[in-house]
Each structure stands twice: as C-alpha cells, then as structure tokens.
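Enquirer: Dropping a prediction and its sequence here:
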Amino acid sequence: MAIDPFPSRRSPRLGCLGYAGGGWWFITCCVRGRRPAFGRVAEDGVVLSDAGRAALLALEALPRLCAAVRMDARVVMPDHVHAVLELEAGTPLGEVVRRYKTASLPGIRAHAPDAEWQRSYYDHLLRNESEIFYAREYIAANPRRAAARLFGAP
C-alpha cells in the first residue's frame with residue numbers, strides 16, 4: 001500500500017459556525033515551531049525585534065487591507081500575535097487572516113529570513129460584551145504574564 005506524501009489534515013474550523021457572518025473575533029497566529037522571531041520577554045514585558053515591529057505594523061494596517069475589519073485590541077508576543085477584530089457581515093475570517101499573514105511576511109522576513117507563519121490559526125467568536133472585555137484584558141495582560149512566568153511574579 002502506497003503512503004500518501006500529502007496526508008489530508010482536518011480543518012480546525014467548526015462546520016456549524018458561520019465564519020463569514022461578521023461579529024467579534026479573537027484570533028491568534030503563531031510563528032512556525034513557536035520560534036521567538038518577534039522579540040524577547042523582558043522583566044517589564046516584551047521587547048519587540050525588528051521582525052516583531054514589522055508584524056505589529058502589518059497588524060495595525062489590517063483595516064486598510066480589509067475595509068470590513070475594525071481592529072480593537074492587539075499584541076505581538078515573541079512567537080505569536082493576538083488580536084480582537086470586528087468583522088462586517090459577509091467578511092470571511094479566513095480571508096482576513098490570510099491577508100494579514102501574506103502582507104506581514106515580507107517585512108518579517110526582511111529581519112528574520114527563516115521566519116514562517118504556522119499553517120493555521122486559533123479563533124474564537126466573541127458572543128457578548130463580557131467575552132469581548134475578557135479578550136481585551138487577556139491581550140493587555142499577556143506581556144506582563146509572560147514576564148511574570150519567566151522572572152517570577154512582581
């Protein structure tokens with residue numbers, strides 16, 4: 001029996017969820033292998049590298065790439081990015097993430113030539129104001145949590 005050199009991979013997307021229905025989304029995109037291409041954790045948070053600043057600039061430019069997207073909160077960590085996005089109805093989340101990854105890669109690779117995005121991404125539909133608030137708080141506290149894990153709680 002021949003082994004398929006390209007095994008099929010199940011999509012992590014839920015078939016019952018409308019990914020083009022608009023709404024508020026929490027997303028995470030990781031660097032392949034979780035390599036810290038975007039910077040380092042310091043005692044007072046995260047210090048971005050030039051590649052990390054390129055990832056942040058591309059994230060901040062996302063509403064210009066996709067007019068149906070509003071950026072609410074964002075953070076670049078050493079090996080991943082988080083964002084809270086509001087999408088207009090009919091805007092496919094996968095297309096927004098694809099555009100971000102595609103637009104950000106040249107700037108990232110100018111400073112970290114071997115950096116690549118992980119194939120997929122994490123998403124969570126934020127269903128109400130309390131989930132949106134929690135996602136914003138999670139993003140704002142993420143650099144401090146990383147520093148506390150590495151250097152001990154202040």
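Expert: Looks like it came in fine.
Enquirer: ranges for the helices of this protein?
Expert: Assignment of helices within the chain using DSSP state H yields the ranges 50-65, 93-111, 129-151.
Enquirer: could you check the angle helix 50-65 makes with the second one?
Expert: Put plainly, it is helix 93-111. Calculated by axes from the mean of the first three to the mean of the last three C-alpha atoms, to 10 degrees, helix 93-111 forms an angle of 140 degrees with helix 50-65.
Enquirer: So what touches helix 93-111?
Expert: Residues from elsewhere that reach helix 93-111, judged by C-beta atoms under 8 Å, 6 or more residues apart in numbering: 13, 19-20, 25, 27, 29, 37-38, 49-51, 54-55, 57-59, 61-62, 65-66, 69, 85, 87, 115-117, 121, 123. Quick note: C-beta positions are derived from backbone N, CA and C, even for glycine.
Enquirer: What's the ChimeraX line that selects buried ones from those residues?
Expert: Selection of the buried residues among the contacts of helix 93-111 in ChimeraX, burial being defined by 16 or more other C-beta atoms under 10 Å:
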select :19,25,27,29,37,38,49,51,54,55,58,59,62,66,69,85,87,115,117,121,123
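Enquirer: on that earlier part again, got the helices of the chain as TSV, with mean pLDDT and distance to residue 43 columns?
Expert: Listed next are those as TSV, based on pLDDT from 0 to 100; distance: least, C-beta to C-beta, whole Å:
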stretch	mean pLDDT	distance to residue 43
helix 50-65	97	17
helix 93-111	97	24
helix 129-151	95	5
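Enquirer: Which residues lie in contact with the residue nearest to residue 45 when sequence neighbours are not counted in this structure?
Expert: The spatial neighbour of residue 45 that comes closest, neighbours along the chain excluded (C-beta to C-beta, 6 or more residues apart in numbering), is residue 143 at 3.7 Å. Each residue near residue 143 by C-beta under 8 Å, 6+ apart is listed here: 41, 45, 46, 75, 77.
Enquirer: Quick check: residue 143 vs residue 22, distance?
Expert: Taking C-beta to C-beta, to the nearest Å as the criterion, residue 143 is separated from residue 22 by 29 Å.
Enquirer: cool, and residue 81?
Expert: Counting by C-beta to C-beta, the gap from residue 81 to residue 22 is 22 Å.
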